[in-house]
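Colleague: okay, sequence plus prediction incoming.
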Amino acid sequence: MRFVTSFDMITVVSIMLKATREWVKQAEYDIDTAEQMLFAGRYLYVVFFCHLAIEKMLKAAVTERTAQPPPRTHNLILLAQLAQLSVPREHAEFIGKIGDASIVTRYPQDLSQALTEYTEPMARLYLQHSKEVLRWIKEQLP
């Protein structure tokens with residue numbers, strides 16, 4: 001049986017590309033911002049920042065898989081494909097759902113209508129599921 005030392009952990013962390021680590025940091029910052037928006041009652045922005053966090057974590061996966069910068073896109077499904085991830089069904093469904101919601105939260109046609117659609121309970125669900133998806137994607141990284 002082999003014990004993992006702190007040196008081994010440093011080696012594992014340093015295996016990840018620097019650009020990948022940067023995408024991960026940004027994704028984590030954005031999900032923290034989503035949480036702060038929930039506390040502030042800015043539910044539309046909870047969804048927006050959840051999408052942004054997932055987008056950046058997927059870009060981390062693309063970067064790590066290809067050793068190339070990811071494309072400049074907001075399309076989460078495309079990014080998951082480029083990262084060659086075998087996304088579990090429940091995560092894939094949510095990724096599609098939040099991808100659709102990001103259009104509304106990024107460019108609302110009618111702000112008042114969007115604010116009535118994205119309520120606190122809905123924002124909490126988006127945040128919870130986003131955290132699950134982010135954890136799963138991060139587990140796919142080295």
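Modeller: Thanks, I have the structure now. Everything numeric here is computed off the predicted structure, so don't read it as measured data.

Colleague: quick one, what contacts the spatially most central residue of the chain?
Modeller: Nearest to the mean C-alpha position of the chain, counting by CA atoms, centre = their mean, stands Ile54 at 1.3 Å. The contact partners of Ile54, by CB atoms under 8 Å, 6 or more residues apart in numbering, come to Ala27, Leu76, Ile95, Ile98, Ser130, Val133, Leu134, Ile137. Where you see a C-beta, it was placed from the backbone N, CA and C, and this is true even at glycine.

Colleague: can I get those in JSON lines including neighbour count, pLDDT and secondary structure?
Modeller: Shown next, in JSON lines, are those (neighbours: other CB atoms under 10 Å; pLDDT from 0 to 100; DSSP: H, G, I helix; E, B strand; the rest coil):
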{"residue": "Ala27", "neighbour count": "23", "pLDDT": "98", "secondary structure": "helix"}
{"residue": "Leu76", "neighbour count": "24", "pLDDT": "98", "secondary structure": "helix"}
{"residue": "Ile95", "neighbour count": "24", "pLDDT": "98", "secondary structure": "helix"}
{"residue": "Ile98", "neighbour count": "22", "pLDDT": "98", "secondary structure": "helix"}
{"residue": "Ser130", "neighbour count": "27", "pLDDT": "98", "secondary structure": "helix"}
{"residue": "Val133", "neighbour count": "26", "pLDDT": "98", "secondary structure": "helix"}
{"residue": "Leu134", "neighbour count": "21", "pLDDT": "98", "secondary structure": "helix"}
{"residue": "Ile137", "neighbour count": "25", "pLDDT": "98", "secondary structure": "helix"}
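
Colleague: got these as CSV, with distance to Pro69 columns?
Modeller: Shown next, in CSV, are the contacts of Ile54 (distance: CB to CB, whole Å):
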residue, distance to Pro69
Ala27, 16
Leu76, 17
Ile95, 21
Ile98, 23
Ser130, 23
Val133, 22
Leu134, 20
Ile137, 18
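
Colleague: which of those sits closest to Ser86?
Modeller: Ile137 (11.7 Å; CB to CB).

Colleague: for His129, see how far away that closest one is.
Modeller: Here Ile137 is placed at a distance of 13 Å from His129 (CB to CB, to the nearest Å).

Colleague: many thanks, I have nothing further to ask.
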